[in-house]
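[1] Give the three-dimensional model of this entry:
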Amino acid sequence: MNTPTRPAAGPAGEHLPAWMTPGNLLRASVGVAVLTIALKTLAWWVSGSVGLLSDALESFVNLAGAVFALAMVTVARRPADDGHPYGHHKAEYFSSGFEGILIVGASIAIFWAAALRLVHPQPLEQIGWGMGLSLLSTACNGLLAWGMLRAARVHRSLALEGDARHLMTDVWTSVGVVVGLLAAGATGWQWLDPVVAMGVALNILKEGGALVWRASQGLMDEAMEPAMLARVQAVLQEHAAASRGAVQFDSLTSRRAGARNYVQLHMHVPADWALGHAARMRTRVEEALMRAAPGLHATIELLPVGQATVFETVETQGDDK
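    Next up is the predicted model:
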């Protein structure tokens, strides 16, 4: 008998339909990117607006980003192997960094095209059709980005979040372009169209830089989020207190790798405890940690109270020199 697929649930208890997986949402992102490219290119063609041209260029970047993110999510789901004993979770950071670089490149291209139009202004035509097509594509992007951001929190997927934020930059680009077109049409000041496009380019440049920074921090083994790390520490304090000081924890370190979080720590127990009793205590701690921090992989080393590892001893001696 087949077991039905359960909806995904996030750390805060937020539930998603079973179909809202990172892979499915990124496939939808590819389809929406193709649709928006067609709509925005047509909008630029009928209006001649450099703002709408910049919007269309951003959609090409969305397509490339979504395809790459889908590839990296597929790689990240591969199980651990001999060459990658910790799994392939960090592949998502490459996706986020790539999305950020694409956003930065698109912002530079938009700014350059707008600067040229500012120097050589051209009259706008059929603004109404251009704005209508742009707003239609914006609605598609906004709806998909909202769903992807929600799913990214539940699945703890940086690749999904990166693509969602990329789509949101496209939404803000489109809104800014429409504002520029309305202002240019109302005042007759044609220079408003490229000026607004330049402002939008600077805004998405900031977003792209933030994504690149986050990806770099993940590849450098950034620590767990403070909130999740606090939950881990609370569990350890609770078990230490329950043992009335018999069990002690120290040397806690953490790192993130995509959707997976890792912690390493030492668990000190009385030297006269039987190994089986100490191992059962460690199992209870591991189970409590997994309940408190979903997706956590904990490595707990058992040591007698008062004893340090050789590595810690060598490190301490080195610091004293």
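[2] isn't residue 297 right next to residue 264, touching?
    No. Using Cβ atoms under 8 Å, residue 297 makes no contact with residue 264, being 9.5 Å away. Bear in mind the C-beta positions are built from the backbone N, C-alpha and C, glycine included.
[3] okay, those two: which has more neighbours?
    residue 297 (17 against 14; other Cβ atoms under 10 Å).
[4] Just list the residues touching that one, thanks.
    Shown in contact with residue 297 (Cβ atoms under 8 Å, 6 or more residues apart in numbering): 260, 261, 262, 263.
[5] Ramachandran coordinates for it?
    Torsion angles at residue 297 (phi, psi; degrees, to the nearest 10) stand at phi -120, psi 110.
[6] Which positions are bridged to it in the beta structure?
    Beta-bridge partners of residue 297, counted by DSSP bridges, are residue 262.
[7] do the one 5 residues further on as well
    Taking DSSP bridges as the rule, residue 302 bridges to residue 267.
[8] which SS state does residue 299 fall under?
    Of the three states, residue 299 takes strand under DSSP: H, G, I helix; E, B strand; the rest coil.
[9] State the number of residues packed around it.
    Neighbour tally, residue 299, other Cβ under 10 Å: 10.
[10] Wait, it touches residue 263, no?
    Yes. Counting by Cβ under 8 Å, residue 263 is a contact partner of residue 299 at 7.2 Å.
[11] what ranges do the helices span in this protein?
    Using DSSP state H, the helices of the chain run over 22-47, 50-76, 91-119, 127-155, 158-187, 192-219, 226-242, 275-292, 310-320.
[12] Lowest mean pLDDT across those, which one is that?
    Note on those: lowest mean pLDDT is at helix 310-320, with a mean of 58.
[13] Who are the contact partners of residue 292?
    Contacts of residue 292 (Cβ under 8 Å, 6+ apart): 231, 232, 234, 235.
[14] For residue 62, state which of these is nearest.
    residue 231 (35.4 Å; Cβ to Cβ).
[15] Return the members of the contacts of residue 292 classed as buried.
    Taking 16 or more other Cβ atoms under 10 Å as the criterion, what is buried in the contacts of residue 292 is 231, 232, 235.
[16] give the contact list for the last one.
    For residue 235, the contact set (Cβ under 8 Å, 6+ apart) comprises 285, 288, 289, 292.
[17] Let me see the contact set for the first one.
    So the one you mean is residue 285. Counted by Cβ under 8 Å, 6+ apart, residue 285 has contacts 235, 236, 239, 267, 298, 300.
[18] Against residue 116, how distant is the residue minimising distance to the centre of the chain?
    In the chain, the residue lying closest to the centroid (Cα atoms, centre = their mean) is residue 158, at 2.6 Å. Distance, residue 158 to residue 116, using Cβ to Cβ, to the nearest Å: 36 Å.
[19] ok, now residue 237?
    Residue 237 is 61 Å from residue 116, where distance means Cβ to Cβ.
[20] Name the nearest residue to the residue nearest to the centre of the chain, ignoring sequence neighbours.
    Among residues not flanking residue 158 along the chain, residue 92 sits closest, at 4.5 Å (Cβ to Cβ, 6 or more residues apart in numbering).
[21] Is it correct that that neighbour is in contact with residue 72?
    Yes. Counting by Cβ under 8 Å, residue 92 does reach residue 72; the two are 5.7 Å apart.
[22] any shared contact partners between the two?
    Shared contacts of residue 92 and residue 72 (Cβ under 8 Å, 6+ apart): residue 159.
[23] Can you report how many residues lie near residue 79?
    Residue 79, neighbours per other Cβ under 10 Å, totals 7.
[24] no no, residue 207
    Residue 207: 18 neighbours (other Cβ under 10 Å).
[25] before we move on, what about residue 272?
    Other residues close to residue 272 by other Cβ under 10 Å number 7.
[26] Can you list phi and psi of it for me?
    The phi/psi pair for residue 272 (degrees, to the nearest 10) is phi -90, psi 0.
[27] For residue 246, see how far away it is.
    Separation of residue 272 from residue 246 (Cβ to Cβ): 11 Å.
[28] Using TSV, please lay out the buried ones among the contacts of residue 292 together with distance to residue 101.
    What follows is these, written out as TSV (distance: Cβ to Cβ, whole Å):
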residue	distance to residue 101
231	34
232	33
235	39
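[29] Just give me the closest of the contacts of residue 292 to residue 190.
    residue 231 (56.0 Å).
[30] Spit out the contact partners of the closest one.
    292, 293.
[31] Any figure for the gap between it and residue 161?
    Distance from residue 231 to residue 161, by Cβ to Cβ: 21 Å.
[32] Then residue 17?
    19 Å.
[33] Look at these two and report which has more neighbours.
    Between residue 17 and residue 161, residue 161 has the larger neighbour count (other Cβ under 10 Å), namely 24 against 12.
[34] Wait, that one touches residue 151, no?
    No. With contacts counted by Cβ under 8 Å, residue 161 stays clear of residue 151, the gap being 9.1 Å.
[35] Noted, bye for now.
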